[in-house]
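Chemist: need a structure here:
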Amino acid sequence: MLRKIINVFSAALIIQCSNLILYIVLARCLRVDDFASFRQLFLIHGILNAVSFSALPTCLLYFSGRSETYIEKMEYIYSICLVTLVVSAALTFFLYLSAGELAVLFNNEALASIIPHFSIASVGVLFIILMPSVLIILDQTKTQIMLAFGSALFTMLPTIIFALNERSLIDIVRVLSIMYFFVGFTLFAVMVYFCKVSGSKSLPSWQKIFAILRYSWPLLLASGVSILGLKIDHLLISSILGVTAYGIYSVGAFEIPIFSLAQNSVTSVLIPLVTEKLKKADYVGAKKIWSKAITRTAWVTFPIATILILHAEDLVVLLFGGNYQDSAPIFAIFTALVYVRVVTFGMALRSVGKTKLELLAAIIYLFFGVVGAYYLIPLHGLTGAAAWVLVNTVLMAMTLSLLTYRVTSGKLNLLRLYPKRELAISLVCLLICGSLQNLVHPYVGNALLEVFTTMILILGIWIFYFRSTDYKDILGMGGG
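Modeler: Here you go, the predicted structure:
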């Protein structure tokens, strides 16, 4: 399992790092308003993906865990590839035809002329997201690294060249969209080829397609509602405070790739394994696998998150420039989400097929997100919006934990799986290093020296923790 997680993580890291590099270059080459418009394009697409596509990778992992034969798994892959192609075409037409309305919704007239060019990127965006799940089932996670590198190179490099040559935002979006279009159809061809080689039928059965739709629709609604709840602050900031304020906020709300990658990589590998255990009512086995993965993820992400929170301003200025210095508090708050998202709280409900309950939790999340953001943005501005996202995410996690506990009749308590000791160590690191930073900062003018000192202190605290706990036993659970 560990080998698969590392391969999935590495491939996703390549994609996310290429996106980060692209955002850094564009933030420095474009005006704040133009960069905000660029970020709004992917915000729009992310919301649309949530309500039309996001459940399909999870759906594929779910049905592969329940398939009796390898050929049946291939048929599910083929089915979902075709559904993804149809969804990408629908998104392309929707974006092209609704550009004016979306520009009004996001309070940005420039989007009306940019979105039609961006619309063809849909096929590439969707198949890049689908690729990890397909290759996990095919046991081709090493191939994923090569495909991820090719996809990142083809989409990022031409766009950066255009940006560095001071081309307009429309030119930059146009070349990026063309490359996404090319990459998307290439990945589709590769996936279909694997299915054909494995002996899949020429066309999947309607029975499997209907099974996919039955499983997916509540999860799609839940994901759409959840993304709206998560992004409602972005929408309200654009409409209330304007495009420039959104540009500042979007930089702060941009999470360092390693966190989402660690979570998504672990979740992608775990869903088939946990589904198989829960299908046999083996709750002890499911908790053992899940607990080990959560703990290992916390060991990687919690120390990094602590360092980034303490030095948020230094990192934001280093990456994006002095124009975005006001994004630092927002970045620190969004980085704190790592401490909550180390557990994918909705995964258990998906694994037992109770996606309607996840929809219920997502509706609650959206309701509180709208109410909180609506009242906090006028009072506390960008920082208030970010703080409410953190609070609302904690409430969402508690809701999902309660629903999972009830569905499994108390046999699966997600709060017991949460790495409480690792959280306590992180809070201790924040308290000690933050206090020292406040004392030392007036006398030390070297930001690099401060960051290095913080890293040494945090590393020392974690080493002390490992030496005083049974971490070797945890590492040895289940092998690789």
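
Chemist: so residue 137 touches residue 63, yeah?
Modeler: No. If you go by CB atoms under 8 Å, residue 137 and residue 63 don't touch, sitting 9.4 Å apart. To be clear about C-beta, it is placed using only N, CA and C from the backbone, and glycine gets the same treatment.

Chemist: Overlap in contacts, those two.
Modeler: Common contacts of residue 137 and residue 63 (CB atoms under 8 Å, 6 or more residues apart in numbering): residue 73.

Chemist: For residue 117, list the residues it contacts.
Modeler: Going by CB under 8 Å, 6+ apart, residue 117 touches 170, 173, 174, 177.

Chemist: low-scoring stretches of the stretch 101-250 of the chain, by residue?
Modeler: Applying pLDDT under 70 to the stretch 101-250 of the chain flags residues 197-205, 219.

Chemist: can you pull out the helices in it?
Modeler: Per DSSP state H, counting those that start in this stretch, the stretch 101-250 of the chain carries helices over the ranges 111-118, 122-137, 141-164, 169-197, 206-240, 243-252.

Chemist: Does the helix or strand encompassing residue 58 pack against any helices or strands, and if so which?
Modeler: Residue 58 belongs to helix 55-66 when assigned by DSSP states H and E. With contacts taken as 3 or more CB pairs under 8 Å, 6 or more residues apart in numbering; DSSP states H and E, helix 55-66 sits against helix 70-97, helix 122-137, helix 206-240, helix 257-279, helix 347-351.

Chemist: closest one to residue 294 among the ones you listed?
Modeler: When these are compared by CB to CB, helix 257-279 sits nearest residue 294, at 7.9 Å.

Chemist: Show me which parts of the following helix or strand past the closest one are buried, residue by residue.
Modeler: Per DSSP H and E, the first helix or strand lying C-terminal to helix 257-279 is helix 283-310. Residues 283, 285-287, 289-299, 301-310 are the ones in helix 283-310 that count as buried (16 or more other CB atoms under 10 Å).

Chemist: How about residues contacting the following helix or strand past helix 283-310?
Modeler: Next along the chain after helix 283-310, taking DSSP H and E as the criterion, comes helix 312-320. Around helix 312-320, the neighbours that count as contacts under CB under 8 Å, 6+ apart are 20, 23-24, 27-28, 251-252, 308, 324-325, 327-329, 331-332, 335, 447, 450-451.

Chemist: Mind doing that once more with 10 Å?
Modeler: For helix 312-320, contacts defined as CB atoms under 10 Å, 6 or more residues apart in numbering pick out 20-21, 23-24, 26-28, 35, 248, 251-252, 254, 256, 307-309, 311, 322-335, 447-448, 450-451.

Chemist: Among those residues, name the ones in strands.
Modeler: Per DSSP state E, strands hold no members of the contacts of helix 312-320.

Chemist: From those residues, list the buried ones, please.
Modeler: 20, 23-24, 26-27, 35, 248, 251-252, 254, 256, 307-309, 311, 323-324, 326-335, 450-451.

Chemist: before we move on, the earlier item: so can I have CSV of the contacts of residue 117 showing neighbour count and distance to residue 388?
Modeler: Shown next, in CSV, are these (neighbours: other CB atoms under 10 Å; distance: CB to CB, whole Å):
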residue, neighbour count, distance to residue 388
170, 16, 34
173, 22, 31
174, 19, 36
177, 25, 33
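
Chemist: Closest to residue 438 out of those residues?
Modeler: Residue 438 lies nearest to residue 173 out of the contacts of residue 117, by CB to CB, at 43.2 Å.

Chemist: Quick check: the gap between that closest one and residue 115.
Modeler: Separation of residue 173 from residue 115 (CB to CB, to the nearest Å): 9 Å.

Chemist: what do the two both touch?
Modeler: Both residue 173 and residue 115 are contacted by 37, 41, under the criterion CB under 10 Å, 6+ apart.

Chemist: Okay, the residue nearest to residue 62 when sequence neighbours are not counted and residue 63: tell me how far apart.
Modeler: Nearest non-adjacent residue to residue 62, counting by CB to CB, 6 or more residues apart in numbering: residue 275, 5.8 Å away. Separation of residue 275 from residue 63 (CB to CB) stands at 9 Å.

Chemist: which one of the contacts of residue 117 sits closest to residue 345?
Modeler: Closest approach between those and residue 345, by CB to CB: residue 177, at 34.7 Å.

Chemist: Make sure that closest one is actually in contact with residue 42.
Modeler: No. If you go by CB atoms under 10 Å, residue 177 and residue 42 don't touch, sitting 11.7 Å apart.

Chemist: Find the residues that touch each one of these two.
Modeler: Counting by CB under 10 Å, 6+ apart, the residues touching both residue 177 and residue 42 are 118, 121, 125.

Chemist: okay, now the first one: neighbour count?
Modeler: Number of residues near residue 118 (other CB atoms under 10 Å) recorded here: 25.

Chemist: got it, and the second one?
Modeler: Residue 121: 26 surrounding residues under other CB under 10 Å.

Chemist: What sits closest to residue 376 if chain neighbours are left out?
Modeler: Of all residues not flanking residue 376 in the chain, residue 384 sits nearest, at 3.7 Å (CB to CB, 6+ apart).

Chemist: The one you found and residue 390 touch, don't they?
Modeler: No. Applying CB under 10 Å as the test, residue 384 and residue 390 come out as separate, 11.1 Å apart.

Chemist: pLDDT below threshold where in the stretch 351-480 of the chain?
Modeler: For the stretch 351-480 of the chain, the stretches with pLDDT under 70 are 351, 355, 441-445, 470-480.

Chemist: Show me where it has its helices.
Modeler: For the stretch 351-480 of the chain, the helices defined by DSSP H, counting those that start in this stretch occupy 355-407, 414-417, 420-440, 447-467, 471-476.

Chemist: Highest mean neighbour count across the ones you listed, which stretch is it?
Modeler: Counting by mean count of other CB atoms under 10 Å, helix 355-407 has the highest mean neighbour count of the helices of the stretch 351-480 of the chain, with a mean of 19.

Chemist: distance between it and the chain's centre?
Modeler: 17 Å (CA atoms, centre = their mean, to the nearest Å).

Chemist: Output the contacting helices and strands for that helix.
Modeler: When contacts are defined as 3 or more CB pairs under 10 Å, 6 or more residues apart in numbering; DSSP states H and E, helix 355-407 packs onto helix 55-66, helix 206-240, helix 243-252, helix 328-335, helix 338-341, helix 347-351, helix 414-417.

Chemist: now these in TSV, with distance to residue 395?
Modeler: As requested, those are exported to TSV (distance: least, CB to CB, whole Å):
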stretch	distance to residue 395
helix 55-66	23
helix 206-240	10
helix 243-252	21
helix 328-335	16
helix 338-341	10
helix 347-351	16
helix 414-417	14
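
Chemist: wait, which of the contacts of residue 117 is closest to residue 437?
Modeler: When the contacts of residue 117 are ranked by distance to residue 437 (CB to CB), residue 173 comes first, at 40.4 Å.

Chemist: what residues are up against the closest residue to residue 403 other than its chain neighbours?
Modeler: Nearest residue to residue 403, sequence neighbours excluded (CB to CB, 6+ apart): residue 357, at 4.8 Å. Residues near residue 357 by CB under 10 Å, 6+ apart: 218, 222, 346, 349, 350, 399, 400, 403, 404, 406, 407.
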